[in-house]
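Peer 1: here are the coordinates; sequence isn't available:
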């Protein structure tokens, strides 16, 4: 006979050997199917053959398959494959194992391409393959693990390797060799298997031994510390080790069996069960072992020495269970089961917090027979074994009951008493059934006008039975066997529902819930002395007259009574004042039909309704709602179908069976860690590997994103990294700098923003389970949208400076204009004074002389009149010159040439000179401002006037040209000439010309000789 060995840690646990469990299949058959979630190719998995599963530090689930690597975030799967053209892709697609080390690095084992160090941020891999002595021994990898020093232990087809990294980044491979006894068994089988326990012992199992290896400090040498020999013959396959870190137990399978081993490998103890095949195993949070035995998943509970076969209600999931290849328990207690062809299953213990039995059966009433047995309205038993409910058979003595004309047991009003009897309502009678003996007795109701079946039945503290009929409340005393009846205040006619719906005992009072309000019946006076109904317009009255459920208040039982109604929600009656307080969907209840009310030990009320179960806290008003997604039999429950068992379990019945649970175990889950899983621009995924991408690594690890102002439609995807009650996670998010308040996304796990203005934002998101709290932790990404150049700060500064500069320049221009205008006025006034004033004065003097001599026959006024005419002409010419000079149209050199030629012809024609005037046509492109034009013209005019007055010649040559960005004026005559030195001393004409030439920053040269004419050359 094969036996199972068990050794427990002596310092903490005593030895509790389990005897062989002979009939393990009996309990397995009665155990209900578990609820699984399937994850396969249709969900995005790259291949159905799954070899290994792990959860990384961020919460992502990583899955290795025969065709690539997969990352699961609870909503979608991201796949990674080998690309022959990309040396940074994973080394191969046929993967065998995956492991995250203490530094958070992800290691991938392949079946024929060694191991890869996978960088999740850049999605690139560094390869370690078989090569020289400092390389892995074989490219066929089975397992990777780590000890507390950070050394990696790698199971390969060629043996065990140890990999360490030095501080400089170099790696060292050490090939572990054992004794010859082991080496001779190498061949077609896998070599040794390695396990590192919580005490940091490196345990190596071979076909014959368990070895404990210890390395020297320098890591170059190792010694054999201790060993354990399995038996006289080699074990195939090689045994594996599993550790229960809570109970400090090591499990080892040997010769196709399961053993317990003490940490010191001594004194093995027998265990239970037989494991013929062991492709993988795991220990869940409850200390149960999940493994595969003979194409069936087995769940072993070492604490109770029981085991059961795990099965599902769905054939497709049973296929996965039949070929399970690996098991994994994540940080939250979820068990993941991999298969060799159909993907994987996820078992969420949280979904089983509301245990479900009797599926596809509508439960109208539930009754506790004893601590081990419940009874339904169909007289179907449900057995309670070690905290779990299992479907039993019909109650003992069922045939005896059927003899009492109970042809239909579909709806049987039930009650139980403290003597262990069950009372069953029948038409015109009641039946007492002794559960222990299976026998019973029928009692006929002694009233001719009562022939119907009573409802409900209720036994009080004295074991007296109370029954409801259409017009009467009936009491039966089992001791005296006497019936008593009490008429309701008014006669009830044919109704769709029984008039009396529920009974609750409160000392000597009975509270009666009816379809016409709430009655209080005094058992001492046998009178109905109170009646509460809904009063229109009175908010402190009963909310609805249809009363279905009643229970006491745990904190103030003498003062308050809780009432469930059909359509009016929950009511609390103050028994002293007679006033009601109402709670409905407006307060957070999921439904206003309250079928059942059960108070727990903390004073909270558990309510069943048409929309799930509710935990209601009367003190704080907090409400937690649960529905089918949380594991309930369905959302709709039944009236009269609820109870609290002697063991403290709550049981609620509905259209799809029973839910039972311990209210102390229904605790809110902490908020999940939220990770970013997607980033899209204009609803298109952003590939961070492409040139020009706004992100340079996987979005899950990005802290900040910079976008152009045209990239202003962004979408963020996110997921909560807690796979318990996955559909129950809700989110809220906010774009700080844009949103004022949180946006509640319910079950949507993405957020899109359009037309964001340039600027800096921070996108934050939180997740919580629907009945939990938000907490304080958030996931966030800094988002920077770069504005266009014309909306940048430097541009605004530049524009501001430009505006200020332009304004100042315009101001200065206006000031200069005003000053120039004032200067022009002053110059005009000065010119008028200088050039015209003296002439006018002379004319005035000559005119006065002429006027005084008028009438004198001796005075000749002809010379004076001639001079007056000459001075008047000069005034006209000066005025014309001034008007011409201030006209901006004459800035063009074409007009200057016209003026110069006109003046020259008028002046020299009268004097008999031959004028030779030449000019360069290129001068037409030149413009001279007023002052420069005036100074140039006056130099020209002064030169011509001097020739006309003093030269006495016959020819004048005038040439105006341009060159080297200068204007050249040459005036030459053939007159008598003069001495320039003497002329400069004798008059102001030449000096004025020089002064004006200097103002133009020009060069004035005058050459002349007596008898040889004069030549003026001016360049500016």
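Peer 2: Looks like it came in fine. Since this is a predicted model, take the numbers as computed values, not measurements.

Peer 1: average pLDDT across the longest helix along the chain?
Peer 2: The longest helix of the chain (DSSP state H) is helix 793-831. For helix 793-831, the mean per-residue pLDDT is 81.

Peer 1: tell me which other helices or strands it touches.
Peer 2: helix 862-886 (3 or more C-beta pairs under 8 Å, 6 or more residues apart in numbering; DSSP states H and E). (C-beta placed from N, C-alpha, C; glycine too.)

Peer 1: could you pull up the mean pLDDT of the helix it packs on?
Peer 2: Helix 862-886 carries an average pLDDT of 70.

Peer 1: show the subsequent helix or strand relative to that helix.
Peer 2: Note on helix 862-886: by DSSP states H and E, the next helix or strand toward the C-terminus is helix 893-911.

Peer 1: only the buried residues of that following helix, if you could.
Peer 2: Residues of helix 893-911 classed as buried: 893, 895-897, 899-900, 903-904, 907-908 (neighbour count, 16 or more other C-beta atoms under 10 Å).

Peer 1: for residue 361, see how far away the closest residue to residue 633 other than its chain neighbours is.
Peer 2: Nearest residue to residue 633, sequence neighbours excluded (C-beta to C-beta, 6 or more residues apart in numbering): residue 656, at 4.2 Å. Between residue 656 and residue 361 the computed distance is 7 Å (C-beta to C-beta, to the nearest Å).

Peer 1: same question, residue 681
Peer 2: Taken as C-beta to C-beta, the span from residue 681 to residue 361 is 53 Å.

Peer 1: ok, now residue 324?
Peer 2: 31 Å.

Peer 1: equivalent analysis for residue 550, please.
Peer 2: 26 Å.

Peer 1: which of those two has more neighbours?
Peer 2: Between residue 550 and residue 361, residue 550 has the larger neighbour count (other C-beta atoms under 10 Å), namely 22 against 18.

Peer 1: ok, the more buried one - contacts?
Peer 2: Shown in contact with residue 550 (C-beta atoms under 8 Å, 6 or more residues apart in numbering): 502-504, 511, 513, 518, 561-564, 597.

Peer 1: domain assignment for the protein?
Peer 2: Following automatic domain parsing, the chain resolves into domains at 355-665, 674-791, 814-886, 889-1020.

Peer 1: is it possible to get JSON lines of those that adds distance to residue 50?
Peer 2: Below are the domains of the chain laid out as JSON lines (distance: least, C-beta to C-beta, whole Å):
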{"stretch": "domain 355-665", "distance to residue 50": "25"}
{"stretch": "domain 674-791", "distance to residue 50": "16"}
{"stretch": "domain 814-886", "distance to residue 50": "84"}
{"stretch": "domain 889-1020", "distance to residue 50": "88"}
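
Peer 1: of all these, which lies closest to residue 206?
Peer 2: Shortest distance between residue 206 and these, using C-beta to C-beta, is found for domain 674-791: 36.7 Å.

Peer 1: nearest to residue 120, of the buried residues of helix 893-911?
Peer 2: residue 893 (79.1 Å).

Peer 1: where does the closest one land on pLDDT?
Peer 2: pLDDT at residue 893 comes out at 81.

Peer 1: then residue 145?
Peer 2: For residue 145, the model assigns a pLDDT of 97.

Peer 1: element containing it?
Peer 2: strand 141-146.

Peer 1: buried stuff in the longest strand anywhere in the chain?
Peer 2: Using DSSP state E, we find that the single longest strand of the chain is strand 759-769. Neighbour-count burial for strand 759-769 flags 761-769 (criterion: 16+ other C-beta under 10 Å).

Peer 1: in the next helix-or-strand element following it, which residues are buried?
Peer 2: Downstream of strand 759-769, the next assigned helix or strand under DSSP H and E is strand 779-786. Buried residues in strand 779-786, defined by neighbour count with 16+ other C-beta under 10 Å: 779-781, 783, 785.

Peer 1: stretch 33-40 too?
Peer 2: In stretch 33-40, counting by 16+ other C-beta under 10 Å, buried: 34-40.

Peer 1: same question for it, mean pLDDT?
Peer 2: Mean predicted lDDT for stretch 33-40 stands at 93.

Peer 1: which residues touch that stretch?
Peer 2: In contact with stretch 33-40 (C-beta under 8 Å, 6+ apart) are residues 45, 48, 72, 77, 310-314, 316-317, 320, 337, 342-348, 351-352, 631, 726.

Peer 1: one more pass at 6 Å, please.
Peer 2: Outside stretch 33-40, the residues that touch it by C-beta atoms under 6 Å, 6 or more residues apart in numbering are 310-313, 317, 343-347, 351.

Peer 1: do the same with stretch 785-801
Peer 2: Residues contacting stretch 785-801 (C-beta under 6 Å, 6+ apart): 707-709, 756, 758.

Peer 1: of those residues, closest to residue 613?
Peer 2: Nearest to residue 613 among the contacts of stretch 785-801, with distances taken as C-beta to C-beta, is residue 756, at 43.1 Å.

Peer 1: which pLDDT value goes with the closest residue to that closest one other than its chain neighbours?
Peer 2: Closest residue in space to residue 756, ignoring its immediate chain neighbours: residue 712 at 4.6 Å, by C-beta to C-beta, 6+ apart. Looking at residue 712, its pLDDT is 89.
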